[in-house]
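Trainee: Make a model of this:
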Amino acid sequence: MTVTDRHYDREFVRTFFTSPTAVEGEEDSARLLESAARLRGMEAPDVWVPDNEDATAPSMREEGVENIVRVVGEHGDEFPGEIHPRVVWHRDDPGTRHTGFEHMRAIADPDEGAGEQVDGFVIPEVGDLDDWKKADEFLTIVESEHGLPEGSLSMSVIVESAAAEIGLNRLREEMGKPSNNLERLFLLVDGEVDYTKDMRAMTPTGALPEWETLRHNTSRGASAAGLIAVDGPYDDIRDVAGYRERMEANRALGMTGIWSLTPGQVEVANRAPLPPASGHWLLEVGDESVELTTDDSGTLVYEGDDADLEQTAADTYRLTIDGRTEEVDADELHERLVDRTSYVPGLDDIVDSMEEFEAAKEAGKGAIAMTRDATLQLGDTAVDVSRDRMWDEATYQAAQTPILVFQDVYEHRPDQHDELAETYGADVVERATQVGN
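Mentor: From the prediction side, this is the model:
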């Protein structure tokens, strides 16, 4: 079996939502678990993780296992995402690993009601690949004891140690060997908090380092092994802008998914990887890209104070951006503006471009030029801007990624169909599900 022979259906995971399995001091210790099980639509994650490790106090974990069995048994069949409980594990502690094994055995028991609804397990605090194989072997034993097909339970690991990060480099060559069932691997999830502790890293404020290299390595390891990479938790749950920025940076690394701590974060993270409902233009001013507004005539208008344009003669302009003023002719002005503007396509734009290229390819053309025109107003002066982009097969394949995400969501999350149609329009949704097939 090759590393591309998947044991699961999802090609993309946007959201990894953890909820405590048992809360001490509550009349109903499973209250938060019950609440999570009832999430639907954009508030429901792609992967729900009843968390019987860090989110649950050690004294409550046995009760947490009982709660998982009961709540997942009652509600799991109707939950729209996948269900992957997190159990206790530690690379340096055999007793903890044995406890995790017993918890997996209890949760996966089909006679207790939850087993058929559980898609897999999340294993935290893993070490090198030999440690991953221990967890894999335990899962194989659980499957054998419960009469489940070998490899039917997925395994996701949390990369929160240097040993686990180094193991990513060997993963591709180890998967598929007859001595293990590592093909059951599903998600590679970063755990930056424990990783920081393991690395003995420090910052002046005590804040977590960005760990961009860890995220890159996890994304690369997932891509090489045919798995899915997920970023760790973003603790400032009120910082929606920061959460969005983190996800945008992650997607540039090939990491679509992110940990979500609240239903609010789930909704933000579910929507973020999807293409915008409509396209928009950006103007680079200073250190940021500013979204241009569109007036009633369709003209793009910059409403800030850091850019201005004045026509001084028939073919001469005075352009001021970032405190610098220069006299330019029409061609030079167009060149400056093309360098500073960019277009973010909406779902309909992506579908239009892909359909146009598919039609050109059917007509025997290997590459075509696509042009996007706009009128841009800086200050009181408006000028036309035209951007050309050459589309070939490589461009087409790269542009297909957001469509593949959309199609994966549409296939596996029918509970979100109405919201997608409301956002994009039923016609665009229909075309998006068909293009590229």
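Trainee: quick check, distance from the host helix or strand of residue 136 to the centre of its chain.
Mentor: Using DSSP states H and E, residue 136 sits within helix 129-145. Centroid separation for helix 129-145 versus its chain: 27 Å, with CA atoms, centre = their mean, to the nearest Å.
Trainee: List the contacts of it.
Mentor: Helix 129-145 is contacted from outside by 89, 91, 97, 100-101, 104-105, 108, 121, 123, 126, 148-153, 155, 157, 163-164, 167, 170-171, 174, 180-182, 184-185, using CB atoms under 8 Å, 6 or more residues apart in numbering. In this view, the C-beta of every residue, glycine as well, is placed from N, C-alpha and C.
Trainee: repeat that with 7 Å
Mentor: For helix 129-145, the external contacting residues (CB atoms under 7 Å, 6 or more residues apart in numbering) are 89, 91, 97, 101, 104-105, 108, 121, 123, 126, 149-150, 152-153, 155, 157, 167, 170-171, 174, 180-182, 184.
Trainee: Just the CA trace of it, in CSV.
Mentor: Extracted in CSV, the C-alpha atoms of helix 129-145 (Å, rounded to 0.1, in the frame of the first residue of the first chain):
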residue,chain,number,x,y,z
LEU,A,129,8.3,7.5,14.8
ASP,A,130,8.9,4.5,17.1
ASP,A,131,6.5,6.1,19.5
TRP,A,132,4.0,6.7,16.8
LYS,A,133,4.2,3.0,16.0
LYS,A,134,3.4,2.1,19.6
ALA,A,135,0.1,4.1,19.3
ASP,A,136,-0.6,2.5,15.9
GLU,A,137,-0.1,-1.0,17.4
PHE,A,138,-2.5,-0.2,20.3
LEU,A,139,-5.1,0.9,17.8
THR,A,140,-4.5,-2.4,15.8
ILE,A,141,-5.1,-4.3,19.0
VAL,A,142,-8.3,-2.3,19.8
GLU,A,143,-9.6,-3.1,16.3
SER,A,144,-8.8,-6.8,16.6
GLU,A,145,-10.5,-7.0,20.0
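Trainee: circling back: so which of the contacts of helix 129-145 belong to helices?
Mentor: The members of these that map onto helices under DSSP state H are 97, 101, 104-105, 167, 170-171, 174.
Trainee: Farthest-apart pair in these, please.
Mentor: 105 and 170 (28.3 Å; CB to CB).
Trainee: separation between residue 285 and residue 161?
Mentor: 42 Å (CB to CB, to the nearest Å).
Trainee: Name the residue in those two with the higher neighbour count.
Mentor: residue 161 (23 against 16; other CB atoms under 10 Å).
Trainee: got a winner among the ones in helices among the contacts of helix 129-145 for most neighbours?
Mentor: residue 104 leads the ones in helices among the contacts of helix 129-145 on contacts (other CB under 10 Å) with 26 neighbours.
Trainee: Now do the same contact list for it.
Mentor: 87, 121, 138-139, 142.
Trainee: nearest to residue 405, of these?
Mentor: For those, the nearest to residue 405 is residue 121 (25.3 Å; CB to CB).
Trainee: pretty sure the closest one is touching residue 153, no?
Mentor: Yes - between residue 121 and residue 153 there is a contact under CB atoms under 7 Å: 6.5 Å.
Trainee: ok, now how distant is the nearest residue to residue 10 once chain neighbours are set aside from residue 239?
Mentor: Of all residues not flanking residue 10 in the chain, residue 412 sits nearest, at 6.1 Å (CB to CB, 6 or more residues apart in numbering). Separation of residue 412 from residue 239 (CB to CB): 29 Å.
Trainee: Name the residue in these two with the higher neighbour count.
Mentor: Using other CB under 10 Å, the more surrounded residue of residue 412 and residue 239 is residue 412, with 18 against 12.
Trainee: Contacts made by stretch 37-47 with the rest, please.
Mentor: 10, 13-17, 71, 75, 79-82, 84, 260, 263, 266-267, 270-271, 415-416, 419.
Trainee: So what would you say the end-to-end distance of it is?
Mentor: 11 Å (CA to CA, to the nearest Å).
Trainee: Quick one: mean pLDDT for it?
Mentor: Per-residue pLDDT values over stretch 37-47 give a mean of 97.
Trainee: Buried residues, it. List them.
Mentor: Of the residues in stretch 37-47, 37, 39, 42-47 count as buried by neighbour count, 16 or more other CB atoms under 10 Å.
Trainee: cool, stretch 295-308 as well?
Mentor: Neighbour-count burial for stretch 295-308, counted by 16+ other CB under 10 Å, picks out 300, 302, 307-308.
Trainee: just the CA coordinates of it, formatted as CSV?
Mentor: Once non-C-alpha atoms are left out, stretch 295-308 reads as follows in CSV (Å, rounded to 0.1, in the frame of the first residue of the first chain):
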residue,chain,number,x,y,z
ASP,A,295,-18.6,53.4,-6.3
ASP,A,296,-21.9,53.3,-8.2
SER,A,297,-20.1,53.6,-11.6
GLY,A,298,-17.8,50.6,-10.9
THR,A,299,-14.7,52.8,-10.3
LEU,A,300,-12.3,51.6,-7.7
VAL,A,301,-11.7,54.4,-5.1
TYR,A,302,-8.8,54.7,-2.6
GLU,A,303,-10.2,56.5,0.4
GLY,A,304,-7.0,56.9,2.4
ASP,A,305,-4.5,59.8,2.8
ASP,A,306,-1.3,58.1,1.8
ALA,A,307,-1.8,58.1,-2.0
ASP,A,308,-2.8,60.9,-4.4
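Trainee: and that stretch, how far from the chain's centre?
Mentor: 33 Å.
Trainee: Name the residues that touch it?
Mentor: By CB under 7 Å, 6+ apart, stretch 295-308 touches 281, 283, 285-286, 290, 292-294, 320-322, 374-379, 382.
Trainee: Now with 6 Å, please.
Mentor: Stretch 295-308 is contacted from outside by 281, 283, 285, 292-294, 320-321, 374-379, 382, using CB atoms under 6 Å, 6 or more residues apart in numbering.
Trainee: quick one: pLDDT of the residue nearest to residue 10?
Mentor: For residue 412, pLDDT reads 96.
Trainee: same check, this time on residue 141
Mentor: 97.
Trainee: now the longest helix seen in the chain, how far from the chain's geometric center?
Mentor: The helix spanning the most residues in the chain, taking DSSP H as the definition, is helix 393-412. Relative to the centre of its chain, helix 393-412 is centred 14 Å away, using CA atoms, centre = their mean.
Trainee: list the buried ones in that helix?
Mentor: Those would be 395-396, 399, 402-403, 405-410, 412, for helix 393-412 by 16+ other CB under 10 Å.
Trainee: and which of the contacts of residue 104 is nearest to residue 434?
Mentor: Using CB to CB, residue 121 is the member of those that sits closest to residue 434, with 36.1 Å.
Trainee: Near the closest one, how many other residues are there?
Mentor: The burial count for residue 121: 29, using other CB under 10 Å.
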